[in-house]
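Peer 1: next input, structure requested:
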Amino acid sequence: MTKEEWIELQLANAPEPTAEDVWWVLNRFCFPREQVQAAYEAMMREREESAEAERSGDSRAEYMQTEP
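Peer 2: Numbering: from 1, shown residues only. Got it, this is the predicted structure:
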């Protein structure tokens, strides 16, 4: 099994991978800088959306939260 296949399997088995999960895996396994940067930007967008939802009192805010 290649590194990429193993990573895909881990992500497929995750409950619902967040942008942070994807960023962590790409960064940890030294994927190309462009992919890591794109994943980081997606993670930051996801966090901002979660924070906005929390501020607005959206009931999905708790579900979307990526940190305990």
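
Peer 1: contacting residues around the helix or strand hosting residue 12?
Peer 2: Using DSSP states H and E, the element containing residue 12 is helix 3-13. Here helix 3-13 makes contact (CB atoms under 8 Å, 6 or more residues apart in numbering) with 1, 17, 21-22, 25, 29. Yep, even glycine has a C-beta here, placed from its N, CA and C like the rest.

Peer 1: okay, those residues in CSV with neighbour count, distance to residue 48 and secondary structure next?
Peer 2: Output for the contacts of helix 3-13, formatted as CSV (neighbours: other CB atoms under 10 Å; distance: CB to CB, whole Å; DSSP: H, G, I helix; E, B strand; the rest coil):
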residue, neighbour count, distance to residue 48, secondary structure
1, 8, 36, coil
17, 14, 18, coil
21, 17, 17, helix
22, 21, 16, helix
25, 19, 21, helix
29, 12, 26, coil
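
Peer 1: dump stretch 10-18 to PDB, restricted to CA.
Peer 2: Taking Å, rounded to 0.1, in the frame of the first residue of the first chain, the C-alpha atoms of stretch 10-18 are listed here in PDB:
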ATOM      1  CA  GLN A  10      -7.600   6.900   6.800                       C
ATOM      2  CA  LEU A  11      -9.600   9.900   5.500                       C
ATOM      3  CA  ALA A  12     -12.300   7.500   4.100                       C
ATOM      4  CA  ASN A  13     -12.700   5.900   7.500                       C
ATOM      5  CA  ALA A  14     -12.800   9.200   9.400                       C
ATOM      6  CA  PRO A  15     -16.300  10.100  10.700                       C
ATOM      7  CA  GLU A  16     -16.500  13.200   8.500                       C
ATOM      8  CA  PRO A  17     -13.100  14.700   7.700                       C
ATOM      9  CA  THR A  18     -12.800  18.400   8.400                       C
END
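
Peer 1: that concludes my questions; thank you for your assistance.
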